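A.B. asks: Just need the structure, nothing else, for what follows:
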Amino acid sequence: MTVFIRLYNYYLSKDKDLAQKLRPVIGFTPRRLGLFKRAFYHKSMNNDGKNGTSNERLEYLGDAVLSTIVAEYLFKKYPNKDEGFLTKMRSKIVKRKTLNDIADQMGLDIILSNYSQGRMSHSMLGNALEALVGAIYIEFGYKKTKNYVIKNILMKFLDIHDLETRDDNYKSLLLEWCQKQSKDISYQTLSKFKMDKRDRFKVAVLIDGEQMATAEDFNKKSAEQSASKKAMKALAIGA
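C.D. replies: Residues are numbered from 1 along each chain as shown. The predicted structure follows:
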């Protein structure tokens, strides 16, 4: 019966265009096609924005599932590493920038753009990826989802060895520099406003009370990271 449902979704359903776009991207035709369609609806897109039609609930589920899979994957891959190393590596993998890049490589932007009215931000890609993992979990359960994520996402689009040596937590790096230089560092939210029906934040990083850089993003933490990166460049840290 499942095979027939997948064939129907691919050839005959009203969302067959989605099924035909999804298959080369994720490698299979979903049985619960409506669920996968919802994974690409951001609350700011062309719907009423309620939880029932946006991908927020699936994103919440996918975030938890992905974090568990990555934690187990790292635990087995690095049997001799301590908890600190594993935690840092997991953070690097599930952070927004990494997920955005993976989703971009997968081609999720092509599908996501079909459901977008306003300007599509890069962060929507990572949200859609988490929602997609949530949909896959509901479709297949944990074991098959784990195998899928490891084989088709982590091993295919992630350079795990590059992540081991890379440190792009600019806020942490800037904080460490300020501590060594005996300088005070703080972050200030300059404004919060609406853009494409979403909250957007403008933040500043101050060192010894002097504003060093500002940045904007839909996520406050991401804005702080961008401002920290600009401040490091202005101060020639790591140059």
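
A.B. asks: and stretch 222-231, what's its mean pLDDT?
C.D. replies: The pLDDT scores in stretch 222-231 average 92.

A.B. asks: Let me know the pLDDT of residue 73.
C.D. replies: 97.

A.B. asks: Name the helix or strand for it, please.
C.D. replies: helix 56-77 (DSSP states H and E).

A.B. asks: by contact count, what packs against that helix?
C.D. replies: Helix 56-77 sits against helix 83-94, helix 123-140, helix 142-149, with contacts defined as 3 or more C-beta pairs under 8 Å, 6 or more residues apart in numbering; DSSP states H and E. Every C-beta, even on glycine, is put in place using the N, C-alpha and C of the backbone.

A.B. asks: Repeat the analysis, applying 10 Å as the threshold.
C.D. replies: When contacts are defined as 3 or more C-beta pairs under 10 Å, 6 or more residues apart in numbering; DSSP states H and E, helix 56-77 packs onto helix 33-38, helix 83-94, helix 96-106, helix 123-140, helix 142-149, helix 160-165.

A.B. asks: How many neighbouring residues does residue 157 have?
C.D. replies: For residue 157, the neighbour count with other C-beta atoms under 10 Å is 14.

A.B. asks: Outside of the helix or strand of the chain with the lowest mean pLDDT itself, list whatever touches it.
C.D. replies: Least confident helix or strand, the chain: helix 160-165 with a mean of 88, by mean pLDDT, DSSP states H and E. Helix 160-165 is contacted from outside by 73, 74, 77, 78, 81, 85, 88, 89, 92, 93, 98, 154, using C-beta atoms under 10 Å, 6 or more residues apart in numbering.

A.B. asks: show me what contacts the spatially most central residue of the chain?
C.D. replies: The centre of the chain sits closest to residue 126, judged by C-alpha atoms, centre = their mean, with a distance of 2.7 Å. Contact analysis of residue 126 by C-beta under 10 Å, 6+ apart lists 59, 63, 94-104, 108, 219.

A.B. asks: Among these, which one lies nearest to residue 35?
C.D. replies: Of all the contacts of residue 126, residue 59 has the smallest distance to residue 35: 12.8 Å, by C-beta to C-beta.

A.B. asks: ok, and for stretch 70-87, which residues are buried?
C.D. replies: 70, 71, 73, 74, 86 (16 or more other C-beta atoms under 10 Å).

A.B. asks: how far out from the middle of the chain is the least confident helix or strand of the chain?
C.D. replies: 18 Å (C-alpha atoms, centre = their mean, to the nearest Å).

A.B. asks: Use 50 as the first number from now on
C.D. replies: Fine by me, first position is 50 from now on; the one you just mentioned is helix 209-214.

A.B. asks: Okay, domains of this structure per the record?
C.D. replies: 51-214, 219-283 (automatic domain parsing).

A.B. asks: Please name the residues that touch the closest residue to residue 262 other than its chain neighbours.
C.D. replies: Distances taken as C-beta to C-beta, 6 or more residues apart in numbering place residue 279 nearest to residue 262, at 3.6 Å, with adjacent residues excluded. Counting by C-beta under 10 Å, 6+ apart, residue 279 touches 219, 254, 261, 262, 263, 264.

A.B. asks: would JSON lines of those residues with pLDDT and neighbour count be doable?
C.D. replies: What follows is the contacts of residue 279, written out as JSON lines (pLDDT from 0 to 100; neighbours: other C-beta atoms under 10 Å):
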{"residue": "219", "pLDDT": "89", "neighbour count": "21"}
{"residue": "254", "pLDDT": "97", "neighbour count": "29"}
{"residue": "261", "pLDDT": "96", "neighbour count": "19"}
{"residue": "262", "pLDDT": "97", "neighbour count": "20"}
{"residue": "263", "pLDDT": "97", "neighbour count": "17"}
{"residue": "264", "pLDDT": "95", "neighbour count": "20"}
